[in-house]
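# sequence first, then the predicted structure, then my questions.
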Amino acid sequence: MKIGLINENSQAAKNQVIYNALKKVADGYGFEVFNYGMYSAEDEAQLTYVQNGILAAVLLNSGAVDYVITGCGTGEGAMLALNSFPGVICGHVEDALDAYTFAQINDGNAISLPFAKGYGWGGDLNLEYIFEKLFCEPSGQGYPRERAVPEQRNKKILDEVKKVTYVQDLTEILSKLDQDLVKGALSGEHFLEYFNANAKDDKIKKYVNELMK
């Protein structure tokens, strides 16, 4: 599994702590982590939580990553931004129980964390516990297990609903957004390096590379 980490500007100073916790857990499961920044509050490329949504959608829909870890001060704004796009199901996760139940019941492909609210002593350990429970089992198995069949059925229903409510493909959506906003979301120091090495969707790849010329 390829996991992308995205931080917006208000919590960029925590990027290395979050990355270290995520990589420690991911290494144990044999997963790859790609840190898309922001890497510090002083980065030239500044991301808002809205741009987190744009970047996450590009990464997930292109196949550059399989899962996105993101957040903001409360985790709410980033979650809303990610869920504004097709191909993304993002849960708001505050602790290990949230992580496990979201993975098993809702079977999404992104989580948004509160990196300021409630983040104090032991915050780095809480991040590790969240990532451990998020990835400890294949997702979508249901919780409790006797509820697996209706939960899996509901997830399939949601997927079909989203096919109707998100009728435009991602490149159409991106082309109708403010192009400076989109370009800013994709201007991270290592974005093109990681994206071009891993993206599988040729249409999205072409759009992104033409935009970033």
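Yes, it's here.

# who's in contact with Leu47?
When contacts are counted by C-beta atoms under 8 Å, 6 or more residues apart in numbering, Leu47 touches 6-9, 12, 37-38, 55, 184-185, 188. In short, each C-beta sits where N, CA and C put it, glycine included.

# need the helices for this structure, in chain order.
15-29, 49-62, 76-82, 96-101, 123-135, 148-165, 170-176, 179-185, 191-198, 202-211 (DSSP state H).

# what's the most buried one of these?
Using mean count of other C-beta atoms under 10 Å, the stretch among the helices of the chain with the largest mean neighbour count is helix 49-62, at a mean of 26.

# tell me what it is packed against?
Where contact means 3 or more C-beta pairs under 8 Å, 6 or more residues apart in numbering; DSSP states H and E, helix 49-62 is packed against strand 67-72, helix 76-82, helix 170-176, helix 179-185, helix 191-198, helix 202-211.

# mean pLDDT and distance to Val161 added to the ones you listed, as JSON lines?
Converted to JSON lines, the helices and strands packed on helix 49-62 look like this (pLDDT from 0 to 100; distance: least, C-beta to C-beta, whole Å):
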{"stretch": "strand 67-72", "mean pLDDT": "98", "distance to Val161": "21"}
{"stretch": "helix 76-82", "mean pLDDT": "98", "distance to Val161": "17"}
{"stretch": "helix 170-176", "mean pLDDT": "97", "distance to Val161": "18"}
{"stretch": "helix 179-185", "mean pLDDT": "97", "distance to Val161": "26"}
{"stretch": "helix 191-198", "mean pLDDT": "98", "distance to Val161": "29"}
{"stretch": "helix 202-211", "mean pLDDT": "97", "distance to Val161": "23"}
